[in-house]
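Student: Okay, structure incoming, though there's no sequence with it:
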């Protein structure tokens, strides 16, 4: 018998001073049995960084035809495709062809450096692709915030990102490996 996904609920308060976006979101996330707390929290962070009323979680972990998160317009066209981790270069290329904008939030330390070095030439050809590396210390600290029911606050200001559960705050560093022309990350 297959192991089912674990359901997590998050009440996320976002104060993004850079985009002037101030909203509360009640999110339900299904964590695939092979997904780690770290990866799930990176998905949640990506949601906070790009929050929008039409941004939603996809089935990217189990379906190559879907993003981990995506933003579709009212016609169903994909405006923003977000993947988490170190996806295959061919899948990224395919996503770039299907979406106006593709962002990859990668993490994992040296593995990311090797992955990026191996694929840098192919990534350079994708004009609508942005790649942001999240250092291991940040993503591991995010994983420690995981609970089945979470109340989190995310503050984004002057290029700084903070995620807090009320008792613990995590500052998340972002290192731009490939800058996207339409999505800027302030450093």
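Tutor: Right, received. Where do you want to start? Not measured: the values here are computed from a predicted model.
Student: Please, which helix or strand holds the residue lying closest to residue 64 once chain neighbours are set aside?
Tutor: Take residue 64 and drop its neighbours on the chain: the residue closest to it by CB to CB, 6 or more residues apart in numbering is residue 91, 5.7 Å away. For the C-beta atoms, the positions are set from N, CA and C on the backbone; glycine is no exception. According to DSSP states H and E, residue 91 maps onto helix 89-98.
Student: C-terminal to that helix, what's the next element?
Tutor: That would be, after helix 89-98 and using DSSP H and E, strand 99-107.
Student: Can you check what angle separates the helix or strand following that next one from strand 99-107?
Tutor: Proceeding N to C from strand 99-107, the next assigned helix or strand is helix 110-124, under DSSP H and E. On the basis of axes from the mean of the first three to the mean of the last three CA atoms, to 10 degrees, helix 110-124 is oriented at 160 degrees to strand 99-107.
Student: What angle do helix 89-98 and helix 110-124 make with each other?
Tutor: Using the same axes, to 10 degrees: helix 110-124 against helix 89-98 is 40 degrees.
Student: if we can go back for a sec, buried set for the helix holding residue 91?
Tutor: By neighbour count on 16 or more other CB atoms under 10 Å, the buried set for helix 89-98 is 89, 92, 93, 94, 95, 96.
Student: Okay, now the unreliable bits of this structure?
Tutor: 1-2, 60-62, 181-187 (pLDDT under 70).
Student: For the residue nearest the centre of it, what are phi and psi?
Tutor: A centroid search over the chain (CA atoms, centre = their mean) returns residue 46, at 2.9 Å, as the residue closest to the centre. When read as degrees, to the nearest 10, the backbone of residue 46 gives phi -60, psi -40.
Student: outside of the helix holding residue 91, which residues touch it?
Tutor: Identification of contacts with helix 89-98 by CB atoms under 8 Å, 6 or more residues apart in numbering yields 64, 67, 78, 81, 83, 102, 104, 119, 122-123, 126, 128-129.
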